[in-house]
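Trainee: no sequence on this one, just coordinates:
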């Protein structure tokens, strides 16, 4: 599970076998996890995050989407 970014208590990562899916990122914190598509940024699913926290996560993903996509491409195209 390559980690591409850490912001506060959140770890942004993807699974090594996610190659066949569109570019996305998983976010985890204390047992909760969410998945965001990156083109365009939108929530795919969530387990354990409250709605207000999901809004916060989206506000973190959007300005970092280029770095997250770069991490994805660097890993899968290496």
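Mentor: Ah, there it is. All values reported here derive from a predicted model rather than from experimental measurement.
Trainee: show residues contacting the strand or helix carrying residue 33.
Mentor: Using DSSP states H and E, residue 33 sits in strand 32-38. For strand 32-38, contacts defined as CB atoms under 8 Å, 6 or more residues apart in numbering pick out 22-27, 42-49, 53-54, 57-58, 61, 65, 68-69, 72. Placement of C-beta: from N, CA and C, glycine included.
Trainee: where's it relative to the chain centroid, distance-wise?
Mentor: The chain centroid and the centroid of strand 32-38 are separated by 5 Å under CA atoms, centre = their mean, to the nearest Å.
Trainee: distance-wise, check residue 52 relative to residue 25.
Mentor: From residue 52 over to residue 25 the distance is 20 Å, taken as CB to CB, to the nearest Å.
Trainee: which of these two has more neighbours?
Mentor: Using other CB atoms under 10 Å as the criterion, residue 52 and residue 25 rank with residue 25 on top: 25 against 8.
Trainee: mind listing what whichever strand or helix holds the more buried one pairs with, with the direction of each?
Mentor: If you go by DSSP H and E, residue 25 is part of strand 24-29. In the sheet, strand 24-29 lines up against strand 10-13 (antiparallel), strand 32-38 (antiparallel) (DSSP bridges).
Trainee: which residues sit against that strand?
Mentor: Strand 24-29 has contacts (CB under 8 Å, 6+ apart) with 4-5, 9-15, 18, 33-38, 44, 49, 57, 61, 68, 72.
Trainee: how about it, which residues are buried there?
Mentor: Neighbour counts using 16 or more other CB atoms under 10 Å place 24-28 of strand 24-29 among the buried residues.
Trainee: quick one: average pLDDT of that strand?
Mentor: Strand 24-29 shows an average pLDDT of 97 in the prediction.
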